[in-house]
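Enquirer: what's the 3D shape of this:
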Amino acid sequence: MKEMAMFLLKSLAVNKDAVIVEEREEQNSVYLTAKVDPADKGKVIGKDGCIIKAVRTVLSATASKANKKVSLKLED
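Expert: This next block holds a predicted model:
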């Protein structure tokens, strides 16, 4: 999950080195916390949050193949 989130977020960000994803796993759930450069935050979130919702959808589809649930939080 972490690798997929890193790939998706880095492809959206201009400052790719500032993208950090932390992963925590509990039973059938995966919790991801992402940090991006403040200048890239708007680009990652998108208008009305449509881009970050799409990233979460892709991650959920990937997680469902492994019978897991995934949660992505974007930190300030």
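Enquirer: quick one, what contacts the closest residue to residue 54 other than its chain neighbours?
Expert: Spatial nearest neighbour of residue 54, chain neighbours left out: residue 46 (7.8 Å); criterion: Cβ to Cβ, 6 or more residues apart in numbering. C-beta here means a position set from N, CA and C on the backbone, and glycine is covered the same way. Shown in contact with residue 46 (Cβ atoms under 8 Å, 6 or more residues apart in numbering): 52, 53, 54.
Enquirer: Name the residues linked to the residue nearest to residue 1 when sequence neighbours are not counted by a beta bridge.
Expert: In space, and not counting its chain neighbours, residue 1 is closest to residue 30: 4.8 Å by Cβ to Cβ, 6+ apart. Beta bridges link residue 30 to residue 25, residue 70, judged by DSSP bridges.
Enquirer: try the one 5 residues further on
Expert: For residue 35, the beta-bridge assignment (DSSP bridges) gives partners residue 20.
Enquirer: Quick one: neighbours of it, just the number.
Expert: Neighbourhood size, residue 35 [other Cβ atoms under 10 Å]: 16.
Enquirer: which residues touch the residue nearest to residue 1?
Expert: 1, 23, 24, 63, 68, 69, 70, 71 are the contacts of residue 30 under Cβ under 8 Å, 6+ apart.
Enquirer: Kindly give a single PyMOL line that selects the buried subset of the residues you listed.
Expert: Those of the contacts of residue 30 that count as buried under 16 or more other Cβ atoms under 10 Å are selected in PyMOL with:
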select buried, resi 1+63+70
